[in-house]
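**Q** build me a model:
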Amino acid sequence: MKHLVFALVALTSCASWKQKDFVKELNKPSEEVNASSVASSPTDVKLLEKFEVQTVEEKKEEKVEIKKSEEKKNSEAKKIAIKKDKKKTVAEAIVEKIKPLPSDYPQELIEINKRAKKVWDVYVPNHHIGQTVYLDIHYLGMTVGKIVLVNKGKKNVNNNEAWHFHARFKSAPFYSKIYELDDTVDTYVTTEKFLSTRYSLVQRESKQDIDDLQLHDRDQHKTFWFYRQKRSGEKEKNKKVEKPMPYFSTDPFSVVFFYQGLPLKNGDVYEIPLVNKGKILILKSLVEGRETIETEKGKRKAIRVHATTKYTGETLKSGDLYFWFTDDEQRTFLKAQAKIKIGSVTADIVNK
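**A** Numbers count the residues shown, from 1 in each chain. As a prediction, the model looks like this:
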């Protein structure tokens, strides 16, 4: 979410809008990355097909087509597996599913994975279909845009049931005369253990269009990044990156939902690997404590998390982020703050 917020820093005028009209704009149908626009080879097409998003109903229909003999065989195998798994923790069962590491897999990622596993061991699914949060974006005392975060329920990606988390950001209507931003993020993470599978960022702005698609293939222990950028008056730019990745990891957006499933006890520290554009970002999160904060929805008891970021192998790219979640079972996202060179950018929960 940080990159969505920072995009607004250049806007310097204040404006207001009718909340209902603006919410309608946020809730209009949005697009995900068009796979055909980033595929450049038969291999790419095959990979994209593997990570195609399917509805739960579509997946069920496919299962019905399995021969009865195969169904019976699979059923017996599952019963045996369940009996065995009862003696193991969920985390241990997940580890058994990890494919063998390739011979050239970086030692650094092995160490990152060991530390990350400790975080995933304490994660418990805590997500609510349909949960929707609206936030106003503020910079230098001005409201410069709005974001909506939505849990769109369950889908199927790469033969795994996955949560579909969605975010839509729009700059305030007044700014469309200066520079309009309309960005959409859709991410899919496995419901079993919150492993990021597919990340899609679509940016439709005044002077450029960007399609950013990232696929995380844990069978190969690799992440694949497809990128297309078209700026006004310039030739289209295309990139493709293939890099190794940690097994236990998520993406820069879904981490907000990952916090909902962590204990978040005062003093807890979590090192969470985020995969973005082929790079590994370590998000070190400290639960600083409980406090009561003022929101448009009234005073709320909140948990404050302080996160510091650092790219592996790059000591210069770092920053401070603060997140606030409700201090209850829902762990609703209330507020975020990013400190920058000049002031800070904040996102605060609001009514529609």
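
**Q** so what does the residue nearest to Val305 when sequence neighbours are not counted look like in phi/psi?
**A** Using Cβ to Cβ, 6 or more residues apart in numbering and skipping the chain neighbours, the partner closest in space to Val305 is Phe323 (4.5 Å). The way it works is simple: take the backbone N, C-alpha and C, and place the C-beta from them, glycine included. Phe323 adopts backbone torsions of phi -130, psi 140, taken as degrees, to the nearest 10.

**Q** against Lys335, how distant is Phe323?
**A** Using Cβ to Cβ, to the nearest Å, Phe323 is found at 7 Å from Lys335.

**Q** those two - which one has more neighbours?
**A** Phe323 (22 against 19; other Cβ atoms under 10 Å).

**Q** the more buried one reaches Ala307, doesn't it?
**A** Yes - taking contacts as Cβ atoms under 8 Å, Phe323 lies within contact range of Ala307: 6.7 Å.

**Q** and the strands in the stretch 201-350 of the chain?
**A** Here the stretch 201-350 of the chain has its strands, by DSSP state E, counting those that start in this stretch, at 208-217, 222-231, 237-244, 269-276, 279-295, 298-311, 314-326, 333-339, 344-350.

**Q** nearest to Ile112, out of these?
**A** Shortest distance between Ile112 and these, using Cβ to Cβ, is found for strand 269-276: 5.5 Å.

**Q** so what does that closest one touch, helix or strand wise?
**A** helix 107-121, strand 208-217, helix 255-258, strand 279-295 (3 or more Cβ pairs under 8 Å, 6 or more residues apart in numbering; DSSP states H and E).

**Q** contact partners of that strand?
**A** Residues outside strand 269-276 that contact it (Cβ atoms under 8 Å, 6 or more residues apart in numbering): 112-113, 115-116, 119, 196, 214, 216, 223, 245-246, 248-252, 255, 258, 262, 280-287.

**Q** in ChimeraX, how would I select the buried members of the residues you listed?
**A** Buried residues among those (16 or more other Cβ atoms under 10 Å), as a ChimeraX selection:
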select :112,113,116,119,196,214,216,223,245,246,248,249,250,251,252,255,258,262,280,281,282,283,285,287
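
**Q** now Glu205: closest residue in space that isn't a chain neighbour?
**A** Take Glu205 and drop its neighbours on the chain: the residue closest to it by Cβ to Cβ, 6+ apart is Leu181, 5.2 Å away.
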